[in-house]
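1. what follows is a predicted structure for the sequence shown.
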Number of protein chains: 2
Amino acid sequence: MTKDLYQQLARLGKAAASPARLQLLDLLCQGPRTVESLSNETGLSFANASQHLRVLYAARLVETEKTGLFVTYRLPDDSVCSFFQALRSLGEQRLAEVESILRQFRDAPHSLEPVEKRALLSRVRKGDVILLDVRPEEEYRAAHIPGAVSVPLKHLNARLATLPRGKEIVAYCRGPYCVLALEAVRLLRAKQFRAARLEDGIPEWRAQGLPVAAGQDSR
Amino acid sequence: MTKDLYQQLARLGKAAASPARLQLLDLLCQGPRTVESLSNETGLSFANASQHLRVLYAARLVETEKTGLFVTYRLPDDSVCSFFQALRSLGEQRLAEVESILRQFRDAPHSLEPVEKRALLSRVRKGDVILLDVRPEEEYRAAHIPGAVSVPLKHLNARLATLPRGKEIVAYCRGPYCVLALEAVRLLRAKQFRAARLEDGIPEWRAQGLPVAAGQDSR
DNA sequence: GACATATTCAACTAATCTATTGAATACTTG
DNA sequence: CAAGTATTCAATAGATTAGTTGAATATGTC
């Protein structure tokens, strides 16, 4: 009977055994997306992305919703993202290569200290700090830190004029291993803005019991 | 750079993609063991068990220690067992087949209600309840619930005479999916003992912050 | 109904994985 | 040093997986 258990759990292990599928899961942690969007974001060919999504679907790790021509893939509940984070945590503890990658992110200049996150929220509410969400807007709409402004990295240059120079700017993206916020901070500081990177993405933020909003930018 | 991350995490996924390796990890959660012991307990051939252990070693999920002819495999730290439990938890939430297996265990007669575990400890200390650890003795020595008596299932019949009839007996083994305690309870009740099964194994017990002892039975 | 679009399927090739078998290695014992 | 024991390695065959290519399917538009 317990052979069955290991057989079933191995289904999940197999689903997690491909770099492509892990990247898809990581993206879906930020919010639901279509196959086209996932293909674009990951660089996988269309057919290949679809194939991997079917594998994840067979393992019950994703759900689908069809709207007209478009199929939207989403994570069925938090357990899948929690599992992805457990896998990543294990990697951080057991694999020097993962620790090294994380170290590179953390040693990058202008990373926010692991400050009390609620203090950050408070300063954002007071207007003392501008919080930028530099992910693609569909991810912002799915979930974002309250008070954050959506300025996708690819639009950052065009939006610089709208950013106040006198205030500190904190940028975040998909989490500890995402380069978007690093890039944004680099760009902002090159233009003499005071900027820093927040390591947390939405899943990490949510896991700490911190508040999360959704929908359009309320500005 | 983040492609690297997924590549590295996929190493861990691949290690977890085999039923045989998951069973080995599950056993090692109970304590260190030799190849021979692992082979016997899992039913894998010697060479096959060794091969899978080498894969786990390459993924940095196990460590080895050689003593004379014998190689002892162990989990390097709690993160590996925590990951196994995260995988199992995901299975419980996402796979009907895993939920069904768990249901079969929970619906078995004479399973202890998820009672306050500290109350159980108290009653064991008072001598009101006899707590039996029915795993192989080497697992008991590695770690056990304080106050538990080691009576491996295969020796239970021979040890019946030493068990008091007037007291309640609670048996536990490797965790929610282990049949040893179910079998022990069945046997005990057939001989008119008052017996029940505790679902928790040592990893589950430890994860709840409950105390764990190690070494020989102190009776 | 033809055409366009989004997605999935099927077939193929190459790579990877699993279990077995027999050999090799490392260590112990007499 | 030979023999025994525990473990790992290498080779093999068969099974499974990954990515590509082209076809098929489902839906929308005109």
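-> Happy to help now that I have it.
2. let me see the domain layout of chain A.
-> Under the assignment named as automatic domain parsing, the residue ranges that make up the domains of chain A are A:2-81, A:109-207.
3. list the buried ones in the strand or helix carrying A:Val124?
-> Following DSSP states H and E, the helix or strand that holds A:Val124 is helix A:117-126. Residues of helix A:117-126 classed as buried: A:117, A:120-121, A:123-124 (neighbour count, 16 or more other Cβ atoms under 10 Å in any protein chain shown). C-beta: built from backbone N, CA, C; applies to glycine.
4. among those, show me the least confident.
-> Going through the buried residues of helix A:117-126 one by one, the lowest pLDDT turns up at A:Lys117, 85.
5. please tell me how far that one sits from chain B.
-> With the distance defined as Cβ to the nearest Cβ, to the nearest Å, A:Lys117 ends up 23 Å from chain B.
6. show me the contacts for that residue.
-> Going by Cβ atoms under 8 Å, 6 or more residues apart in numbering or on different chains, A:Lys117 touches A:200, A:205, A:208, A:210.
7. gap between the helix holding A:Val124 and the chain center?
-> 21 Å (Cα atoms, centre = their mean, to the nearest Å).
8. next, the angle helix A:117-126 makes with the helix or strand that comes right after that helix.
-> Once helix A:117-126 ends, the next helix or strand along the chain (criterion: DSSP H and E) is strand A:129-133. In this structure, strand A:129-133 runs at an angle of 100 degrees to helix A:117-126, with axes from the mean of the first three to the mean of the last three Cα atoms, to 10 degrees as the basis.
9. now the helix or strand immediately after strand A:129-133 in the chain - C-alpha only, PDB.
-> Sequence-wise, the next helix or strand downstream of strand A:129-133 (DSSP H and E) is helix A:137-142. Extracted as PDB, the C-alpha positions of helix A:137-142 are listed here (Å, rounded to 0.1, in the frame of the first residue of the first chain):
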ATOM      1  CA  GLU A 137       1.400  44.600 -15.500                       C
ATOM      2  CA  GLU A 138      -0.600  41.400 -15.600                       C
ATOM      3  CA  GLU A 139       1.300  40.200 -12.700                       C
ATOM      4  CA  TYR A 140       0.700  43.400 -10.800                       C
ATOM      5  CA  ARG A 141      -3.000  43.100 -11.400                       C
ATOM      6  CA  ALA A 142      -3.000  39.500 -10.100                       C
END
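10. tell me which residues are up against helix A:137-142.
-> A:30-33, A:37, A:133, A:148, A:150, A:152, A:174, A:214-217.
11. chain center to the longest helix anywhere in chain A: distance?
-> Among the elements of type helix in chain A, defined by DSSP state H, the one spanning the most residues is helix A:78-94. How far helix A:78-94 lies from its chain's middle: 14 Å, per Cα atoms, centre = their mean.
12. remind me what the helix or strand just after it packs against, helices and strands.
-> Next helix or strand after helix A:78-94 toward the C-terminus (DSSP H and E): helix A:96-107. The contact analysis (3 or more Cβ pairs under 8 Å, 6 or more residues apart in numbering or on different chains; DSSP states H and E) places helix A:96-107 against helix A:78-94, helix B:2-15.
13. and those helices: which comes nearest A:Asn157?
-> Across the helices and strands packed on helix A:96-107, the minimum distance to A:Asn157, taken as Cβ to Cβ, is reached by helix B:2-15, at 22.5 Å.
14. residue contacts, the nearest residue in space to A:Arg88 that is not next to it in sequence?
-> Nearest residue to A:Arg88, sequence neighbours excluded (Cβ to Cβ, 6 or more residues apart in numbering or on different chains): B:Leu9, at 6.3 Å. Contact criterion Cβ under 8 Å, 6+ apart gives A:16, A:19, A:22, A:87-88, A:91, A:98 as the residues in contact with B:Leu9.
15. so how far is DNA strand C from B:Leu9?
-> Between B:Leu9 and DNA strand C the computed distance is 13 Å (Cβ to the nearest atom of the strand, to the nearest Å).
16. which residues are in contact with the residue most central in space within chain A?
-> Centrality entry for chain A: nearest residue to the mean C-alpha point is A:Arg174, 2.2 Å, by Cα atoms, centre = their mean. Contacts for A:Arg174 were tallied using Cβ under 8 Å, 6+ apart; they are A:26-27, A:29-30, A:135, A:139, A:180, A:201-202.
17. could you work out the most separated pair of those?
-> Looking across those, with Cβ to Cβ as the criterion, the two at the greatest separation are A:Cys29 and A:Leu180, at 14.6 Å.
18. and chain A, which residues reach DNA strand C?
-> Among all residues of chain A, those adjacent to DNA strand C (criterion: Cβ under 7 Å from any atom of the strand) are A:34-36, A:46-47, A:50-51, A:53-54, A:64, A:69-71.
19. most neighbours, which of these?
-> Sorting the residues of chain A next to DNA strand C by how many neighbours each has (other Cβ atoms under 10 Å in any protein chain shown) puts A:Leu53 first, at 23 neighbours.
20. leaving out chain neighbours, which residue sits closest to that one?
-> Of all residues not flanking A:Leu53 in the chain, A:Tyr73 sits nearest, at 5.7 Å (Cβ to Cβ, 6+ apart).
21. do the same with A:Asp128
-> Excluding its sequence neighbours, the residue lying closest to A:Asp128 (Cβ to Cβ, 6+ apart) is A:Lys167, at 6.7 Å.
22. okay, now that neighbour: neighbour count?
-> For A:Lys167, using other Cβ under 10 Å, the count is 14.
23. residues in contact with it?
-> Contacts for A:Lys167 were tallied using Cβ under 8 Å, 6+ apart; they are A:127-130, A:194.
24. next: A:Val35.
-> Applying Cβ under 8 Å, 6+ apart to A:Val35 gives the contacts A:46, A:49-50, A:53, A:71, A:73.
25. again with A:Cys29
-> For A:Cys29, the contacting residues are A:75, A:80-81, A:84, A:174-175, A:201-203, by Cβ under 8 Å, 6+ apart.
26. roughly how far apart are it and chain B?
-> Using Cβ to the nearest Cβ, one gets 13 Å for the distance from A:Cys29 to chain B.
27. A:Leu27 too?
-> Note on A:Leu27: its distance to chain B, by Cβ to the nearest Cβ, is 11 Å.
28. distance to DNA strand D, neighbour count and pLDDT added to the contacts of A:Lys167, as TSV?
-> Listed next are the contacts of A:Lys167 as TSV, based on distance: Cβ to the nearest atom of the strand, whole Å; neighbours: other Cβ atoms under 10 Å in any protein chain shown; pLDDT from 0 to 100:
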residue	distance to DNA strand D	neighbour count	pLDDT
A:Gly127	43	10	92
A:Asp128	46	11	92
A:Val129	41	20	94
A:Ile130	39	21	95
A:Arg194	41	15	93
